[in-house]
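A.B. asks: any chance you can model this:
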Amino acid sequence: MNRVLLERNRYFDSVFLMRISHDLERLPGVNRAIVAMGTPANLANLKSAGFAADETAGEILPQDLIIALDGVSSDAIEEASDRLRLLLAGPTIERPGSTGTPRPMSVAEAIGLDPDVNLALISVPGAYAAREARQALRQGLHVMLFSDNVSVEDEVALKDEAIDRGLMMMGPDCGTAILNGTPLGFANVIRRGRIGIVGASGTGIQEVSCLIHRLGEGISQAIGTGGRDLSGTVDARMTRFGIEALADDPETDILVVVSKAPEPAVGERVLTALRAAGKPGVVHFVAAQPKGSEDNIAFAATLADAAGLACATSGLEVSSDDEAHPAHAPVSGCMRALYCGGTLAQEAWAVLRRAGLEVRSNVAADSSFRIAPGTEAAGHVIWDLGDDAFTVGTPHPMIEPSLRDEAVLRVAQDPSVGIVLVDCVLGYGAHPDPAGSLGEAAKRAIEIAAAHDRNLVVVASVTGTDEDPQHFGRQVATLTEAGVLVAPSNAAAVRWVAAALGGGGE
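C.D. replies: Coordinates of the predicted model:
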């Protein structure tokens, strides 16, 4: 039986609501639970999932909370509703002489509670995000705008206003940053150091910063800009501003810029800003054709190369992570890559294409190789499972990896597949034990293939550090014990797969 509830004017962060939905689905007798804000997209998703809102309730607005429950009985739904109330209430911190932690209802109230605050992390429905970001900027705060569905016109206006005020405007749709040693959004625990990163890519920043940490260097700042910053319309406004800020930062000696391939004119303006910075720079435009070095700029072929070049520039001795392909039984058949990180998936596509392999993907930079989610595709295929089309009513696979684990098991039953490529992303915001979940799925997948006299190879990379809550070393050990071949970086994992499939060098 189904029940749909509506709570007016009760906003919660989407990531928080995804976690609650997953918690409710683990209760006995609950088949499905979707807790989301009443945005048009979420309402459409609910309808497609078989839930109908009460039409007598009137118009549902983006600030309204929708709860959709499917249970085996009314008792199961009541239990889920009771649990939901507790989860939404959240823990409160008792203070002497107070009844709990104050909950500010505006940016101004938050500043009143702590006058020293200098950054606002904003995650509200897109219809309200620009207004809240503008208010924060006018209060003198840097902004990290996690929200998406913000118009490009609002993005340009917000970034122009921020630059005029000498403030960072990271986003919209900015998921990762590390400022003064503090991880924000989906980020890892990285030691402080001399290398500054500006990135229009969340998992790209994570991969580069983690590899820098594991090579022995550290991060001064990692500034996220939002995925559209290097588009022709936004014109790399915040990327160029971030480069200028790091050029003036005495704690930053080396600059790294990471982004998907920009339009040529925009990319050239980014390079001009790097030249003007006067500090050594490293650039990696994912899926772009790598170039040599020029002036004070080195161009990296992969995210791992970007980290290595930055560390080498700092004076560290860096060896290549392009290790020989590990020994295993011959691989026959095609590849399926199942990614949680969108930038890592696009990097995999680019590296395999440069190795001469025909690969299709929903994140292919070349439209002739791009396929839509849900497409039945033969041959070598890479899926970014974090695509919105895969996450209707379910958490992002970095938060809850069951979506990817189920895909691994399905692939194991496909006799045409001989090798599976996966990523495992650690850090704040990610699942507490992604390798545990992935390892179980991989072990079972290998067993399924063996039962049909097939050899299935699973190759993975782990993005993280030993300082992360999940602990990089333990996650690698868990995957290795499950029979997964773990590479030192995403690029190395892809090169291993290319070698196994008979691809040439890049």
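A.B. asks: what about the stretch 51-200 of the chain, any weak spots by pLDDT?
C.D. replies: Applying pLDDT under 70 to the stretch 51-200 of the chain picks out residues 55-56, 90-103, 105.
A.B. asks: ok, 80 please
C.D. replies: For the stretch 51-200 of the chain, the stretches flagged by pLDDT under 80 are 53-57, 62-63, 89-107, 125-127.
A.B. asks: before we move on, what about the stretch 351-500 of the chain?
C.D. replies: Low-confidence segments of the stretch 351-500 of the chain, defined by pLDDT under 80: 388, 391-395.
A.B. asks: kindly recompute the last result at 90.
C.D. replies: Residues of the stretch 351-500 of the chain meeting the criterion pLDDT under 90: 373-378, 387-396, 399-400, 402-403, 429.
A.B. asks: hey, where'd the helices end up in it?
C.D. replies: Taking DSSP state H, counting those that start in this stretch, the helices of the stretch 351-500 of the chain run over residues 402-412, 434-451, 472-481, 490-500.
A.B. asks: buried ones in the shortest one?
C.D. replies: Right, the one you point to is helix 472-481. Phe472, Gln475, Val476, Thr478, Leu479 (16 or more other Cβ atoms under 10 Å). (Each C-beta comes from the backbone N, C-alpha and C, glycine too.)
A.B. asks: pull the residues that contact that helix.
C.D. replies: Applying Cβ atoms under 8 Å, 6 or more residues apart in numbering, the contact partners of helix 472-481 are 210, 214, 424, 426, 433-436, 438-439, 442, 460, 462, 464-466, 486.
A.B. asks: put the buried members of these into a ChimeraX selection.
C.D. replies: To isolate the buried members of the contacts of helix 472-481 in ChimeraX, using 16+ other Cβ under 10 Å:
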select :210,214,424,426,433,434,435,436,438,439,442,460,462,464,465,486
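A.B. asks: quick one: the closest residue to Gly439 other than its chain neighbours from Val359, how far?
C.D. replies: By the measure of Cβ to Cβ, 6 or more residues apart in numbering, the closest residue to Gly439 outside its immediate chain neighbours is Ala482, 3.5 Å from it. To Val359, Ala482 is 26 Å away according to Cβ to Cβ, to the nearest Å.
A.B. asks: backbone dihedrals for Gly196, please?
C.D. replies: Main-chain torsions, Gly196, degrees, to the nearest 10: phi -110, psi 140.
A.B. asks: what's the burial count for it?
C.D. replies: Per other Cβ atoms under 10 Å, the neighbour tally for Gly196 reads 28.
A.B. asks: quick one on the thing from earlier: for the helices of the stretch 351-500 of the chain, give me a markdown table that also has distance to Val331.
C.D. replies: As requested, those are arranged in a markdown table below (distance: least, Cβ to Cβ, whole Å):
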| stretch | distance to Val331 |
| --- | --- |
| helix 402-412 | 14 |
| helix 434-451 | 12 |
| helix 472-481 | 18 |
| helix 490-500 | 4 |
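A.B. asks: any regions of the stretch 201-350 of the chain where pLDDT drops low?
C.D. replies: 260-261, 263, 287-295, 317-332.
A.B. asks: so what's the residue nearest to Asn31 when sequence neighbours are not counted up against?
C.D. replies: Spatial nearest neighbour of Asn31, chain neighbours left out: Asp70 (4.4 Å); criterion: Cβ to Cβ, 6+ apart. Asp70 sits next to Met1, Asn2, Val30, Asn31, Arg32, Ala33, Gly50, Phe51 when contact means Cβ under 8 Å, 6+ apart.
A.B. asks: at 10 Å instead, please
C.D. replies: Shown in contact with Asp70 (Cβ atoms under 10 Å, 6 or more residues apart in numbering): 1-4, 25, 29-34, 49-51, 76-77, 80.
A.B. asks: again with His396
C.D. replies: Counted by Cβ under 10 Å, 6+ apart, His396 has contacts 14-15, 18, 175, 186, 340, 385-388, 390, 403, 429-431.
A.B. asks: where does the residue lying closest to Arg269 once chain neighbours are set aside sit relative to Glu7, distance-wise?
C.D. replies: Excluding its sequence neighbours, the residue lying closest to Arg269 (Cβ to Cβ, 6+ apart) is Ala236, at 5.9 Å. Note on Ala236: its distance to Glu7, by Cβ to Cβ, is 41 Å.
A.B. asks: more neighbours, these two?
C.D. replies: Higher neighbour count among Ala236 and Glu7: Ala236, with 28 against 13, using other Cβ under 10 Å.
A.B. asks: give the contact list for the more buried one.
C.D. replies: By Cβ under 10 Å, 6+ apart, the residues touching Ala236 are 159, 198, 200, 225, 229-230, 242-243, 257, 259, 262-263, 265-270, 273.
A.B. asks: the nearest residue to Met168 once chain neighbours are set aside: how many residues sit nearby?
C.D. replies: Nearest in space to Met168, with sequence neighbours left out and distances taken as Cβ to Cβ, 6+ apart, is His142 at 4.1 Å. Counted with other Cβ under 10 Å, residues neighbouring His142 total 20.
A.B. asks: my read: His142 touches Cys174, true?
C.D. replies: No. Using Cβ atoms under 10 Å, His142 makes no contact with Cys174, being 11.5 Å away.
A.B. asks: now for Ile297, how many residues are close by?
C.D. replies: 19.
A.B. asks: who does it form a beta bridge with?
C.D. replies: Gly281, Glu294 (DSSP bridges).
A.B. asks: just the buried residues of the contacts of Ala236.
C.D. replies: Those of these that meet the buried threshold are 159, 198, 200, 225, 229-230, 242-243, 257, 259, 262, 266-267, 269-270, 273, by 16+ other Cβ under 10 Å.
A.B. asks: between those residues, which is closest to Ile399?
C.D. replies: Nearest to Ile399 among those, counting by Cβ to Cβ, is Ala200 at 21.7 Å.
A.B. asks: keep only those of the buried ones among the contacts of Ala236 that are in helices.
C.D. replies: Lys159, Gly242, Ile243, Val266, Gly267, Arg269, Val270, Ala273 (DSSP state H).
A.B. asks: okay if I get the residues you listed as TSV plus distance to Phe285?
C.D. replies: Shown next, in TSV, are those (distance: Cβ to Cβ, whole Å):
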residue	distance to Phe285
Lys159	20
Gly242	16
Ile243	14
Val266	10
Gly267	6
Arg269	13
Val270	9
Ala273	14
